[in-house]
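In: Fold the following.
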Amino acid sequence: MNFTEQSEMETALTPRRMPLNAGDSGYGAVAAGGLSASMGVSESAALLIPEAEAESAERWQPMTREELEVAAGSAGWRRARCYLVLLFWLAWLAMLGMAVAIVTTSPRPVVTPLRWWQKTLFYQLQPDLSPEADAGRSNGTNALCKQLPYLKSLGIGAFILEGLTDKELSPANFNETGRNVNTLAQIQQLLKESKNIGLRIVLDFCELAISRISSKQSDLPSAVDHTLHFWLEQGVAGIAICSTDPAYSEKTLLQWREVFQNFSVQGDERILVVKQKGDTMSVLTNVTLVDIIMKQILPSSQHLLTPNEVANAIETHLQTQEENIWPSWTVGGKASHDLKKLLLVLTMTLPGTPAVQNDEDLDQSGFFQSSKATGRSDVALFTSLSHSRAREEALLFGSFKFLPFNSSTNSTLLSPTPPPSPPVLAFLRSWGCVHFLVLLNVGPTHHALNPDWATSLPTEGVFVASSGMDRLGTMTLHALEMKPHEAILIKLFEAGSFS
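Out: Below you'll find the predicted structure:
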């Protein structure tokens, strides 16, 4: 028996099994196909028949262009999407153009090129040029030369030497021997030391007796020109004259203008200062002939001015600001020490050039050095104001606006009907979006700001300086209460922003 026959015999002897899916003939029915058919439907066959591979391959084919167009929508939707994209870019370009137009057409502050005398701080003093001064006194030339670096650090840029007479200023009086030679040597030393550290000297000719000079020479203009040429050659930065001196006519000033131009170089111009005495300006009919007109805030008096007198004088100047001249402000009259601090804040914040007077109340030597608490406070106030003015455009050449003031008074006087207190004065210095508010409480009572006052101003700010140098940090105008005889300098900013 061979292998094939043996296999057929085993197959025949193996019992047949009933398939589970026997067909429609019912349980136990045999398929018509015989044995071979029963093997095709055995119970080992898979119950779930997979789909044909052709159908699977056809399902995962990528979509055609027509199918994509149908899925994306009709032609109208396609045009709408194109229009929306085009509208987006047109709107973006329109906003960009509007932004450029706003930046280019919006009013911007024009930078004003300032000359050196418009940016500097003048310090008026009367040096003692006698030989005895340098021997043992503190206000001689040697003492002043030693103080020059310290004074420059405070922000002072130029000195106005006052009190010099014709004997000390006229070249006709200088000879090889005598006191005048020593005076000339001291002034020359001061000019040299000042130039070395970048300070300038302006000579005050108000005490110069032109008539006595001209008595030695027949021609008055010639005598004046000779004196002017001499000191300009020595290196003085300018000359100051008084408005009440009849010797300085318009013809003389025209001649001086040519002389100053000849000695001036770029960045180091020589200047002519007119010190206004009272309300008279007899020496000047054409403001273009001078560079600076020095004005006094307070009228001259032999007694201390009352707070009301001080307030009236300040308010008069605040309401009559002139734009065709460059002013220089000095205190002038006499006031109490508390009001002097207030006037210092005013002088350093008004439009123009401050001219600070040497004050013996500051310290013994008159050069802002003192061991007392009040002296340190004066130094701190002066330094804060001078440095703020040097770096802030709004305080240098910003616009000026006088602000009417409404305040509620909280009187500290015990009298049931206290006398009327001077009003609080205020003005604004602005440059672009930067604003500096100056508040002056001249009276002896406390003042709280009315919430309805100056509603257009930003209500928040930061203290820059105060007459007592006791205010620091941020503040709000509605919660500010001013002390008696107090001046405050505030830098305002919009809520949530800093400038």
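In: How about the backbone phi and psi for the most centrally placed residue in the chain?
Out: Among the residues of the chain, Glu392 comes closest to the average C-alpha position under CA atoms, centre = their mean, at 3.2 Å. Phi and psi for Glu392, reported as degrees, to the nearest 10, are phi -110, psi 120.
In: Same check on Gln124?
Out: According to degrees, to the nearest 10, Gln124 has phi -90, psi 130.
In: is it true that the residue nearest to the centre of the chain touches Gly432?
Out: No: counting by CB atoms under 8 Å, Glu392 does not reach Gly432; the two are 11.3 Å apart. All C-beta atoms are positioned from the backbone trio N, CA, C, and that covers glycine.
In: Tell me, please, where in the stretch 151-300 of the chain the pLDDT is lower than the cut-off.
Out: Of all residues in the stretch 151-300 of the chain, those with pLDDT under 70 make up the ranges 175-180, 209-224, 279-286.
In: Return the residues in contact with the residue nearest to the centre of the chain.
Out: Listed by CB atoms under 8 Å, 6 or more residues apart in numbering, the contact set of Glu392 reads 398, 431, 434, 436.
In: Compare those residues and tell me which is most surrounded.
Out: Within these, most neighbours by other CB atoms under 10 Å means Phe436, with 22 neighbours.
In: Apart from its chain neighbours, what residue comes closest to that one?
Out: Nearest residue to Phe436, sequence neighbours excluded (CB to CB, 6 or more residues apart in numbering): Arg429, at 4.4 Å.
In: Where do the helices of the stretch 151-300 of the chain begin and end?
Out: Listed in chain order, the helices of the stretch 151-300 of the chain (DSSP state H, counting those that start in this stretch) span residues 166-169, 179-196, 210-214, 220-234, 250-263.
In: can you tell which of these is closest to Leu477?
Out: Closest approach to Leu477 among these is made by helix 179-196 (42.8 Å; CB to CB).
In: same for that closest one, what does it pack against?
Out: In terms of contacts (3 or more CB pairs under 8 Å, 6 or more residues apart in numbering; DSSP states H and E), helix 179-196 is packed against helix 131-136, helix 141-153, strand 158-161, helix 166-169, strand 200-204, helix 220-234.
In: need those in JSON lines with mean neighbour count and distance to Leu457, can you?
Out: Output for these, formatted as JSON lines (neighbours: other CB atoms under 10 Å; distance: least, CB to CB, whole Å):
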{"stretch": "helix 131-136", "mean neighbour count": "12", "distance to Leu457": "51"}
{"stretch": "helix 141-153", "mean neighbour count": "17", "distance to Leu457": "34"}
{"stretch": "strand 158-161", "mean neighbour count": "23", "distance to Leu457": "34"}
{"stretch": "helix 166-169", "mean neighbour count": "19", "distance to Leu457": "49"}
{"stretch": "strand 200-204", "mean neighbour count": "23", "distance to Leu457": "38"}
{"stretch": "helix 220-234", "mean neighbour count": "17", "distance to Leu457": "47"}
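In: sorry, back to before: indicate which one of the helices of the stretch 151-300 of the chain is closest to Cys82.
Out: helix 250-263 (70.8 Å).
In: Now the closest one - C-alpha only, PDB.
Out: C-alpha atoms of helix 250-263 as PDB (Å, rounded to 0.1, in the frame of the first residue of the first chain):
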ATOM      1  CA  GLU A 250      20.400 153.300  21.700                       C
ATOM      2  CA  LYS A 251      23.200 154.500  19.600                       C
ATOM      3  CA  THR A 252      25.700 153.300  22.200                       C
ATOM      4  CA  LEU A 253      24.000 149.900  22.300                       C
ATOM      5  CA  LEU A 254      24.200 149.600  18.600                       C
ATOM      6  CA  GLN A 255      27.900 150.100  18.700                       C
ATOM      7  CA  TRP A 256      28.200 147.600  21.500                       C
ATOM      8  CA  ARG A 257      26.300 145.000  19.500                       C
ATOM      9  CA  GLU A 258      29.000 145.100  16.800                       C
ATOM     10  CA  VAL A 259      31.700 144.900  19.400                       C
ATOM     11  CA  PHE A 260      30.100 141.800  21.000                       C
ATOM     12  CA  GLN A 261      29.700 140.100  17.600                       C
ATOM     13  CA  ASN A 262      33.400 140.700  16.900                       C
ATOM     14  CA  PHE A 263      34.400 139.000  20.100                       C
END
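In: Mind listing what's buried along that helix?
Out: 252-253, 256, 259-260, 263 (16 or more other CB atoms under 10 Å).
In: now do stretch 395-402
Out: 395-398, 400.
In: Show me this protein divided up by domain.
Out: Domain assignment of the chain by automatic domain parsing yields the ranges 116-390, 401-493.
In: Show me the one of those domains that comes nearest Ala101.
Out: Ala101 lies closest to domain 401-493 among the domains of the chain, at 19.2 Å (CB to CB).
In: Just the terminal-to-terminal distance for that closest one.
Out: 17 Å (CA to CA, to the nearest Å).
In: Centre of the chain to that domain, how far?
Out: In terms of CA atoms, centre = their mean, to the nearest Å, the centre of domain 401-493 is set 20 Å apart from its chain centre.
In: Which residues are in contact with the residue nearest to Phe436?
Out: Going by CB under 8 Å, 6+ apart, Arg429 touches 349, 351, 394-395, 398-400, 435-436, 438.
In: and with 10 Å instead?
Out: Each residue near Arg429 by CB atoms under 10 Å, 6 or more residues apart in numbering is listed here: 349-351, 389, 392-401, 435-438, 489, 491.
In: Touching, Asp128 and Leu164? I think so.
Out: No: Asp128 is beyond contact range of Leu164, at 11.1 Å (criterion: CB atoms under 10 Å).
In: circling back to that earlier point, how close does the residue nearest to Phe436 sit to Leu289?
Out: Here the criterion is CB to CB, to the nearest Å. By it, Arg429 lies 28 Å from Leu289.
In: cool, and Glu193?
Out: Relative to Leu289, and taking CB to CB, Glu193 is found at 32 Å.
In: How about Val331?
Out: 26 Å.
In: Likewise for Trp256?
Out: For Trp256 relative to Leu289 (CB to CB), the value is 8 Å.
In: before we move on, what about Val442?
Out: Counting by CB to CB - Val442 and Leu289 are separated by 35 Å.
In: now do Lys152
Out: Look at Lys152 and Leu289: by CB to CB, they are 31 Å apart.
In: again with Ala487
Out: Between Ala487 and Leu289 the computed distance is 34 Å (CB to CB).
In: How about Ile490?
Out: Distance, Ile490 to Leu289, using CB to CB: 38 Å.
In: Comparing these two, which residue is more hemmed in?
Out: The neighbour comparison of Ile490 against Leu289 (other CB under 10 Å) goes to Ile490, with 25 against 17.
In: can I assume the more buried one sits in a strand?
Out: Yes: when DSSP: H, G, I helix; E, B strand; the rest coil is applied, Ile490 is found to be in a strand.
In: check contacts around it.
Out: 426, 435-439, 457-458, 460-466, 471, 474-475, 477, 480.
In: just the buried members of those?
Out: With neighbours counted by 16+ other CB under 10 Å, the contacts of Ile490 contain buried members at 426, 435-439, 457-458, 460-461, 463-466, 471, 475, 477, 480.
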